[in-house]
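Colleague: my questions concern the predicted model and sequence given below.
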Amino acid sequence: MHHSSEEEITRSPAERPMTEGPFQTWANQSSKDPSVQILTAGFMTDEQFNMITLILVFVLQVSNITALIGNSLNIAVFVRLGFAEPSNISLTALAICDLVCVISSIWSNLCFLLNFWHPILPFNVTNVSILTGGGLWSFVSRTVAWITAFISFERCLCILVPLKVKSLITPRTTLTAMLIIAALTVCPFLFSFLNYNFVWVYYLQSNATILDVVPNDNKYSILIAKIVFVICGVIQPVLAFFIVTVCTVFLVVQLKKVSLWRTSVTSAKSQWEDNSGENTASNNASATQNRISQKEERLVRLVVVIAVIFIACFIPTCALLLCSALFDEFFVFGVYGRIFVVCSLITFLGQSVSGSVNTIVYYNMASKFRSGLRELLGLNPEEEKIINS
C-alpha cells in the first residue's frame, strides 16, 4: 500500500473521476459533504434511509456489545479448560473470529454515526470505514463460516468412523486446520487491501484536505479485485454454507436414529432385567457404553445447535453475496447503494447475533464450559447450593 503524504490531490467533488471497483465514486456529490454519498433508484427517501439505518445501527451496536462480552468470556473459559480436546481448539478459534467480526462492526458503526452527526471530518468516513471495517468483517466472516463447517464435518466423522476419528482429529490436526482456514480466507483480504491507496485529497468546495482511499487504476489490480471477489466473496461463503447445511441435516437424522435406538435398547433391557437378574458385569459394561454414547450425543447436539444458529444468521449474507454477483449496480456505491447498505447492516446483525448467543448455548449444553464460566466469574457451585438451601 502506498501512502501519499507529500503530494496532495486537489479535486472538487464534482471533478473526481469514476473508477472501477468497490470504491467507485461519482460526479454528483454534495457540496457540503466531502464523503461519498450513496445513490438509489427512488426506493428510499433521505429521511427513510436515515431512519432505517440509524435503527439498524443502534440495534447492531447493542448486539455487538453483547457479542463482545460473550466471545471474550468464551475465549477465557476455553483457555482455562485447556486444549487437550480438539473441540476446544475449534470453538476457541470460532470465538476469536467472532470477536474480530464484532470489533470491525463496532468500528464501522462508529464511523457511520460520526459521518451522520458530523459530515465534515478529516477523513472520508465511507471509504475508510468500508476498507478497514466492512472489508475486514467480510473476510473474517468467511473464516467463521469455514470453522463452523469444519466443526460440523468433524462431528459427522465421529459418527461415520468412530474408531478412527481419534487418530484423524487430534489437537495438532485441528490447530493446523484452523491455521489453513484462516490463511485461505483472511490472506486474500491483504491482497485486496494492497489494491487501494491512502491519499490526501483537497476538496475545493468544502475547503478541506481529508484522508481518502482510492483504488489502483492498473488493469492487474482490477483483475485481482474481481478474482478475489468471485472466489472469496461468493464461492467460499456459499460453499461453506452448503457444507454446514448438509452436515447439519446428516447429524439431525443420526440423532433421531440414536434416540430411537436408545429407546428400544432401554425397553429391551428393562424387559430382560425383569426376567433375569444375572450377568451383572455385562450390565455394567453396557451401562458404561451408554454413558459414553450419551456424552458424544450431547456434543453432537451442541454442534447441531451452533450450526442451526449459523445457518439462520448466515442466510442474509448468502443472499446479499448472490445479488452482488448477479447485479452490477448492487453494491455500496451503485445505483442501489442504499438498499445494499440496509441489507449489509442486516447481515452484520445476523453475524453479531450468531456470535452473541453462543455463550448461552455453551452454558446450557456443555457442563465443563458451565463449570469453567462459574469459576471464572467467581461463582462457587457449593456455596450456591448452601445459599439456595
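Modeller: Okay, I see it. Numbering: from 1, shown residues only.

Colleague: rest of the way, CA atoms for contacts and neighbours
Modeller: Noted.

Colleague: how about the strands of the stretch 51-200 of the chain, start to end?
Modeller: For the stretch 51-200 of the chain, applying DSSP state E, counting those that start in this stretch gives strands covering 196-203.

Colleague: helices of that one, start to end?
Modeller: 86-117, 125-129, 135-160, 165-168, 171-193 (DSSP state H, counting those that start in this stretch).

Colleague: relative to residue 305, which of those is closest?
Modeller: helix 135-160 (10.4 Å; CA to CA).

Colleague: which parts of the closest one are buried?
Modeller: Neighbour counts over helix 135-160 (16 or more other CA atoms under 10 Å) mark 135-159 as buried.

Colleague: if you average pLDDT over that helix, what comes out?
Modeller: Across helix 135-160, pLDDT averages out at 88.

Colleague: likewise for stretch 313-328?
Modeller: Mean predicted confidence for stretch 313-328 is 82.

Colleague: nearest to residue 54, of the helices of the stretch 51-200 of the chain?
Modeller: Of all these, helix 86-117 comes closest under CA to CA, at 8.1 Å.

Colleague: tell me what that closest one is packed against?
Modeller: Here helix 86-117 touches helix 46-81, helix 125-129, helix 135-160, helix 171-193, helix 337-356, going by 3 or more CA pairs under 8 Å, 6 or more residues apart in numbering; DSSP states H and E.

Colleague: how far off helix 337-356 does the longest one point, in degrees?
Modeller: Pointing back at helix 46-81 there. 20 degrees (axes from the mean of the first three to the mean of the last three CA atoms, to 10 degrees).

Colleague: residue 304 versus residue 259, what's the distance?
Modeller: 15 Å (CA to CA, to the nearest Å).

Colleague: what about those two, which has more around it?
Modeller: residue 304 (24 against 14; other CA atoms under 10 Å).

Colleague: give me the element that one is part of.
Modeller: Residue 304 belongs to helix 280-326 when assigned by DSSP states H and E.

Colleague: now residue 350. Nearest residue, chain neighbours left out?
Modeller: residue 313 (4.5 Å; CA to CA, 6 or more residues apart in numbering).

Colleague: what's around that neighbour, how many residues?
Modeller: Count around residue 313 with other CA under 10 Å applied: 21.

Colleague: you'd agree it is up against residue 355?
Modeller: No - using CA atoms under 8 Å, residue 313 is not in contact with residue 355; the gap is 9.7 Å.

Colleague: tell me how far residue 106 lies from residue 345.
Modeller: 12 Å.

Colleague: oh, that last question was meant for residue 179, not what I typed.
Modeller: 29 Å.

Colleague: likewise for residue 327?
Modeller: 19 Å.

Colleague: among these two, which residue is more densely surrounded?
Modeller: The neighbour comparison of residue 327 against residue 345 (other CA under 10 Å) goes to residue 345, with 20 against 11.

Colleague: which residues touch residue 252?
Modeller: By CA atoms under 8 Å, 6 or more residues apart in numbering, the residues touching residue 252 are residue 304.

Colleague: quick one: which helix or strand includes it?
Modeller: Assigned by DSSP H and E, residue 252 falls in helix 236-275.

Colleague: burial measure for the nearest residue to residue 98 once chain neighbours are set aside, as a count.
Modeller: The spatial neighbour of residue 98 that comes closest, neighbours along the chain excluded (CA to CA, 6+ apart), is residue 355 at 5.7 Å. Burial measure for residue 355: 29 neighbouring residues, criterion other CA under 10 Å.
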